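Participant: sequence unavailable; structure follows:
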Ligand code: ADE
């Protein structure tokens with residue numbers, strides 16, 4: 001997957017994308033991260049990328065020309081997504097990560113919080129994404145969050161047959177079951193007996209029940225989109241769920 005990032009702070013990259021699984025994905029050739037300085041596409045003497053707002057008001061607005069020129073200069077397939085990061089965007093979820101992970105090329109435009117000229121929204125970006133209902137000073141960290149979530153979905157990125165993905169909270173549309181490792185007794189806190197039995201069917205059943213229970217307790221909103229078997233529904237009803 002090829003990723004282009006347009007930013008006025010290229011020094012923020014790769015940042016956290018230069019470590020761990022995302023770094024490995026780049027070394028393995030699964031992810032090609034290209035960071036471009038928007039300032040390189042500004043042609044006035046001071047290489048300005050923003051200006052005051054028409055109509056007045058505080059704060060600066062990102063000018064359209066450097067952004068259009070930057071996107072137009074990229075080697076990217078026509079029609080590939082151009083994502084503008086803004087708090088007004090559609091909420092980024094695991095579904096969006098799965099969708100983007102199937103693209104060959106994705107371009108991210110890191111907006112600054114004060115604003116981006118509306119014509120970038122209308123005629124350059126193909127979509128707008130937000131990572132949550134809070135305001136960051138710019139789209140850079142939001143882009144990193146999205147690239148991180150997408151990169152681990154690329155086939156081969158996790159390095160163990162990608163089966164860990166199936167148990168993720170949100171991939172399964174349920175909250176993950178509790179996990180334990182050694183020691184079986186830690187300061188008197190015991191690992192549940194069933195996990196020590198080696199009985200795979202019993203373990204799978206316990207884990208599913210735990211996932212369902214935790215989802216009901218913590219994120220009941222997820223249950224409406226979860227894939228639930230008749231058995232799951234029975235368990236949830238026993239736990240007091242009323243859908
Ligand atoms: N830029 C500023 N705040 C943002 C947010 N919450 N998500 C994405 N981009 C942003």
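Facilitator: Yep, that arrived. Every value quoted in this text rests on a predicted model; they were computed, and no experiment measured them.
Participant: what residues are up against residue 165?
Facilitator: Taking Cβ atoms under 8 Å, 6 or more residues apart in numbering, we find residue 165 in contact with 152-153, 158, 171. From N, CA and C alone the C-beta is placed, and that goes for glycine too.
Participant: please identify the helix or strand for it.
Facilitator: Element membership for residue 165 (DSSP states H and E) is helix 164-167.
Participant: who does the top helix by length along the chain touch, helix- and strand-wise?
Facilitator: Assignment by DSSP state H gives helix 200-218 as the longest helix of the chain. Packing partners of helix 200-218 (3 or more Cβ pairs under 8 Å, 6 or more residues apart in numbering; DSSP states H and E): helix 230-238.
Participant: helices or strands next to the helix it packs on in the packing?
Facilitator: Packed next to helix 230-238, using 3+ Cβ pairs under 8 Å, 6+ apart, are helix 200-218.
Participant: what angle separates the helix it packs on from helix 230-238?
Facilitator: Here helix 200-218 runs at 50 degrees with respect to helix 230-238, directions being taken by axes from the mean of the first three to the mean of the last three Cα atoms, to 10 degrees.
Participant: tell me the gap between helix 200-218 and the middle of its chain.
Facilitator: Averaging C-alpha positions (Cα atoms, centre = their mean, to the nearest Å) puts helix 200-218 25 Å from its chain's average.
Participant: how far does the lowest-mean-pLDDT helix or strand in the chain sit from the chain's center?
Facilitator: Taking mean pLDDT, DSSP states H and E as the measure, the chain has helix 164-167 as its least confident helix or strand, at a mean of 74. Centroid separation for helix 164-167 versus its chain: 16 Å, with Cα atoms, centre = their mean.
Participant: buried ones in that helix?
Facilitator: Judged by neighbour count (16 or more other Cβ atoms under 10 Å), helix 164-167 contains these buried residues: residue 165.
Participant: in its sheet, which strands sit next to the helix or strand following that helix, and in what direction?
Facilitator: Toward the C-terminus, helix 164-167 is succeeded by strand 185-186 as the next helix or strand (DSSP H and E). Strand 185-186 sits in its sheet next to strand 189-190 (antiparallel), going by DSSP bridges.
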